[in-house]
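Peer 1: Any chance you could fold what I've pasted below:
(one chain, ligands or ions: 1)
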Amino acid sequence: MLEPPGIQRCAAVLAGALLLLLFALVLRQLLRQRRPAGFPPGPPRLPFIGNICSLAMSAELPHVYMRKQSRVYGEIFSLDLGGISTVVLNGYDIVKECLVHQSEIFADRPCFPLFMKMTKMGGLLNSRYGRGWIDHRRLAVNSFHYFGCGQKSFESKILEETQFLIDAIKTYKGKPLDLKQLITNAVSNITNLILFGERFTYEDTDFQHMIELFSENVELAASAPVFLYNAFPWIGILPFGKHQKLFRNADVVYDFLAGLIEKTAVNRKPHLPQHFVDAYLDEIDQGKNDPLSTFSKENLIFSVGELIIAGTETTTNVLRWAILFMALYPNIQGKDNLDLRVSTYI
Ligand code: HEM
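Peer 2: Down below sits the predicted model:
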């Protein structure tokens, strides 16, 4: 049966409009992908996905791929992560130049869809360079000094945690073990003392699970599928994929931290802070009549989580590398005052 000419015309106009929209989107994406004049050089890019595929498909780990690119394009080179122009720095001096000598220029954070969704650009680590950035860093630095390294008793608390770690290792009676979990617990407990005024036992599987999920999210956030989500946020409507796993993990982590903060705040005496959480809640109270205050319960949860993971992942990995090198080169073990011998099976 023939369709009336009116419907045919409507369908043709709709198809034309859709084609035009598609053309505009393609053009916009290609324009976004142009390397601006003076931008650092980098490997050839594919339309739309740029270098995401090379990063994901490379036989090596991402950092090995990037080190190889750096040999070709220099210690400052660029990658295109689906239209998001990214500059990679490789080398101690150049990283120091940017993060230390030019820190103000590099202080801001990009508004990636992932950060927007996870923390609305709030919290501590991913906040935009502005009042929230300054207020949260000031509070964190003061708290770490006041409840941590500025306290004479803090060194003995670190030594106490070290003893817990050594005792836990000794229970294996020389049998092989994976130190990752124990070191993670011990390291995070130093931060936990500052944040909550207490440590968590090595048997506390709830806390360990939270750290595992958070660590997994750090890895997921740097994975190719999540780079794709940042470049094309409409991918978020798909009910499956790594971005969904990341969101599910984050829900569990933030729920756990909210409960922990609530429990920690039970004994709080306003204006007599015993740890970071108390100090932050005082700031929320003080900012109640200030519409521009950035201190909030939500930002407290993000800040606590970010401080735990920033301190734990990094320090744990440094210690694990140190132990690996001591296992590989036993002759250097005597130079450290360890009362543990590190064997090559670790
Ligand atoms: C060996 C251990 C560590 C390494 C290698 C390390 C490395 C880094 C790096 C590379 C940055 C990024 C700097 C930037 O983007 O400007 C950073 C930022 C940060 N780290 Fe660490 N870190 C370590 C330990 C810690 C510890 C123990 C804590 C706290 C408990 C911590 C908290 C932070 C925070 C809050 C930031 C964000 C600073 C800002 O944006 O102003 N880190 N860290």
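
Peer 1: going forward, measure contacts between C-alpha atoms and count neighbours the same way
Peer 2: Noted.

Peer 1: before we move on, what SS does Val87 have?
Peer 2: Counting by DSSP: H, G, I helix; E, B strand; the rest coil, the backbone at Val87 sits in strand.

Peer 1: typo on my end, it should be Lys288
Peer 2: Under three-state DSSP, Lys288 comes out as coil.

Peer 1: how many other residues sit next to it?
Peer 2: 12 (other Cα atoms under 10 Å).

Peer 1: Counting by contacts, list what the helix or strand hosting Leu182 packs against.
Peer 2: Under the criterion of DSSP states H and E, Leu182 resides in helix 180-196. Counting contacts by 3 or more Cα pairs under 8 Å, 6 or more residues apart in numbering; DSSP states H and E, helix 180-196 packs against helix 154-170, helix 276-286, helix 297-328.

Peer 1: how about the nearest residue to whichever residue of the stretch 151-300 of the chain sits closest to the ligand, chain neighbours excluded?
Peer 2: Nearest residue of the stretch 151-300 of the chain to the ligand, counting by Cα to the nearest ligand atom: Thr191, 5.3 Å away. Once flanking residues are discounted, Thr191 sits nearest to Ile308: 6.4 Å by Cα to Cα, 6 or more residues apart in numbering.

Peer 1: Quick check: residues of the protein near the ligand?
Peer 2: Listed as neighbours of the ligand in the chain under the rule Cα under 6 Å from any ligand atom: Leu99, Leu125, Thr191, Leu307, Ala310, Gly311, Thr314, Thr315, Val318.

Peer 1: Out of these, who's the most crowded?
Peer 2: In terms of neighbours by other Cα under 10 Å, the residues of the chain next to the ligand top out with Thr191 at 23 neighbours.

Peer 1: Wait, it touches Glu313, no?
Peer 2: No - counting by Cα atoms under 8 Å, Thr191 stays clear of Glu313, with 11.7 Å between them.

Peer 1: Pick the most deeply packed of the helices and strands packed on helix 180-196.
Peer 2: helix 276-286 (a mean of 20; mean count of other Cα atoms under 10 Å).

Peer 1: measure Val88 to Ile105 for me?
Peer 2: 16 Å (Cα to Cα, to the nearest Å).

Peer 1: can you tell me which residues contact the residue in the stretch 101-250 of the chain that the ligand sits nearest to?
Peer 2: At 4.9 Å from the ligand, Leu125 is the closest residue in the stretch 101-250 of the chain, using Cα to the nearest ligand atom. Going by Cα atoms under 8 Å, 6 or more residues apart in numbering, Leu125 touches Ser303, Glu306.

Peer 1: Look up the pLDDT of it for me, please.
Peer 2: Note on Leu125: pLDDT of 93.

Peer 1: Give the helix, strand or coil label for it.
Peer 2: Classified using three-state DSSP, Leu125 is coil.

Peer 1: Next: Arg28.
Peer 2: Strictly by three-state DSSP, Arg28 counts as helix.

Peer 1: count of residues packed around it?
Peer 2: Using other Cα under 10 Å: Arg28 sits among 12 other residues.

Peer 1: Give me the pLDDT for it.
Peer 2: Looking at Arg28, the pLDDT reads 79.

Peer 1: and if you look at Asp135?
Peer 2: Reported pLDDT for Asp135: 97.

Peer 1: got the contact list for Cys53?
Peer 2: Per Cα under 8 Å, 6+ apart, neighbours of Cys53: Ala224.

Peer 1: gap between it and Ala59?
Peer 2: For Cys53 relative to Ala59 (Cα to Cα), the value is 11 Å.

Peer 1: for His243, same thing?
Peer 2: 23 Å.

Peer 1: repeat for Tyr254
Peer 2: The gap separating Tyr254 from Ala59 is 34 Å, by Cα to Cα.

Peer 1: And for Pro239?
Peer 2: Taken as Cα to Cα, the span from Pro239 to Ala59 is 29 Å.

Peer 1: and what of Val277?
Peer 2: 44 Å.

Peer 1: Quick one: low-confidence residue ranges for this structure.
Peer 2: For the chain, applying pLDDT under 70 flags the ranges 1-3, 334-346.

Peer 1: again, 50 this time
Peer 2: In the predicted model, the chain carries pLDDT under 50 at residues 339, 344-346.

Peer 1: residue boundaries of the helices in it?
Peer 2: Assigned by DSSP state H, the chain shows helices spanning 5-32, 52-57, 62-73, 92-96, 113-119, 131-144, 154-170, 180-196, 205-221, 224-231, 242-264, 276-286, 297-328.

Peer 1: Of those helices, which is nearest Ile84?
Peer 2: Smallest distance to Ile84 across the helices of the chain (Cα to Cα): 6.6 Å, for helix 224-231.

Peer 1: Give the other helices and strands that that closest one contacts.
Peer 2: helix 52-57, helix 113-119, helix 242-264.

Peer 1: So out of everything in the protein, what residue is nearest the ligand?
Peer 2: Residue nearest to the ligand within the chain (Cα to the nearest ligand atom): Gly311, separated by 3.3 Å.

Peer 1: That residue and Gly150, how far apart?
Peer 2: 17 Å.

Peer 1: what's the answer for Ser156, then?
Peer 2: 13 Å.

Peer 1: do the same with Ala224
Peer 2: With Cα to Cα as the criterion, Ala224 and Gly150 are 41 Å apart.

Peer 1: Which of the two has more residues huddled nearby?
Peer 2: Neighbours per residue, other Cα under 10 Å: of Ala224 and Gly150, the larger number sits with Ala224, 20 against 13.
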